[in-house]
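A.B. asks: got a sequence here, can you build the structure:
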Amino acid sequence: MALSPEDVIKKSFSATHLRRGYDETQVDDFLDEVVVELRRLVSENDGLRTDLEDCRASRGVAGGAGGTARPARTGDSPEDGADAQELDALRRQLAECQEARAAAERRAQEAEERAGAAERDRDDARSSLEAAATGGAAAAGPGGDGEDPSSIISLAQRLHDQHVAEGESTRARLIDEGDTYRTRVVAEADEHSAELQRTGQETHDRLVAEGQATHDELVQTGQSRHDELVQTGQSRHDELVSTGEQTRDRLVAEGQESHDQMVSEAEQKRSTVLEDLHGQESALSATIGGLQSQERDLRERLRAFLADQMERLDGSRPSS
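C.D. replies: Below you'll find the predicted structure:
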């Protein structure tokens with residue numbers, strides 16, 4: 001699963017209830033370090049990806065003409081700046097070749113236009129000569145003093161042939177010059193293009209190798225850092241567990257000792273209370289015995305008193 005700095009920032013942990021967890025401050029500090037490291041790795045990967053795209057663009061001659069140099073990023077090495085300058089120089093050479101090719105094509109187009117203009121001049125001269133010949137024949141009618149129309153026509157034909165030959169030769173010369181220049185410029189442009197492609201491929205391969213090496217180094221460094229952090233966390237976990245067990249044992253021992261002491265004190269208080277109750281019970285038993293004796297005496301006295309009264313009552317009763 002891909003991990004981003006935002007994922008680390010938004011990560012939340014559930015609270016523990018049965019045992020103590022890690023220190024929140026230490027966990028937050030560690031997460032901050034992880035976020036910084038991830039952001040640095042993402043930035044370096046973006047830079048390497050940009051360099052790779054630039055190499056591919058220079059290899060395919062895409063956007064080479066008129067392209068501007070990519071500004072150097074913060075943290076780029078001097079070798080990367082030299083590579084960028086070399087790519088810019090190759091792009092400028094390619095642009096010059098393309099401009100030379102365009103100039104050759106323009107000159108060839110101009111030569112074709114001049115040849116077309118010469119053909120049009122030839123047609124115009126032919127039309128003007130035919131008109132002049134027609135006008136001369138009309139002027140040299142019966143009884144006229146003009147020149148011979150055949151001589152005028154032959155002169156016009158010679159002039160026409162001369163202009164046509166000059167136009168054809170000029171057209172052929174310009175076309176040959178344009179083709180020669182175009183062939184030479186195209187060959188030079190193709191050679192420069194092949195050289196640029198080779199240079200771009202070499203630069204691309206070198207940058208890919210450097211990027212792969214940097215990637216491997218970063219992965220190795222990250223793995224080492226990960227192992228170190230895991231080992232540190234495990235050591236801290238073991239230490240906290242050991243401390244917790246020692247504290248638990250100490251608290252259990254203290255609780256057991258306090259329990260034994262409280263039970264002993266409760267037993268002593270129970271013995272004292274029982275002794276007091278036995279003493280009170282004995283006193284109450286003696287008091288109850290005395291009261292019972294008094295009750296028996298009172299009953300005997302009451303019975304004697306009642307018997308005496310009955311006897312008196314019987315003695316004072318008249319006889320029948």
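A.B. asks: which elements pack onto the particular helix or strand that has Asp297 in it?
C.D. replies: Element membership of Asp297, judged by DSSP states H and E, is helix 149-316. The contact analysis (3 or more CB pairs under 8 Å, 6 or more residues apart in numbering; DSSP states H and E) places helix 149-316 against helix 24-59, helix 78-139. The way it works is simple: take the backbone N, C-alpha and C, and place the C-beta from them, glycine included.
A.B. asks: burial of Glu44, as a residue count?
C.D. replies: 15 (other CB atoms under 10 Å).
A.B. asks: with Gln93 instead?
C.D. replies: 16.
A.B. asks: check contacts around it.
C.D. replies: By CB atoms under 8 Å, 6 or more residues apart in numbering, Gln93 lies in contact with 192, 196.
A.B. asks: if we can go back for a sec, and the helices and strands packed on helix 149-316, which one's lowest on average pLDDT?
C.D. replies: In terms of average pLDDT, helix 78-139 trails the rest of the helices and strands packed on helix 149-316, at a mean of 66.
A.B. asks: so what's Trp247 scoring on pLDDT?
C.D. replies: Slight slip there: residue 247 is Thr, not Trp. 93.
A.B. asks: that one: how many residues sit nearby?
C.D. replies: 11.
A.B. asks: ok, Asp32 next?
C.D. replies: As a burial measure, Asp32 scores 12 neighbours (other CB under 10 Å).
A.B. asks: likewise the one 10 residues further on?
C.D. replies: Burial of Val42, expressed as a neighbour count using other CB under 10 Å, amounts to 12.
A.B. asks: and it, what is it in contact with?
C.D. replies: Val42 neighbours (CB under 8 Å, 6+ apart): 4-5.
A.B. asks: any idea how far Gln162 is from it?
C.D. replies: According to CB to CB, to the nearest Å, Val42 stands 79 Å off from Gln162.
A.B. asks: pretty sure Leu207 is touching Asp51, no?
C.D. replies: Yes: contact criterion CB atoms under 8 Å: Leu207 and Asp51 qualify, at 5.3 Å.
A.B. asks: neighbour count for those two, which is higher?
C.D. replies: Neighbours per residue, other CB under 10 Å: of Leu207 and Asp51, the larger number sits with Asp51, 22 against 17.
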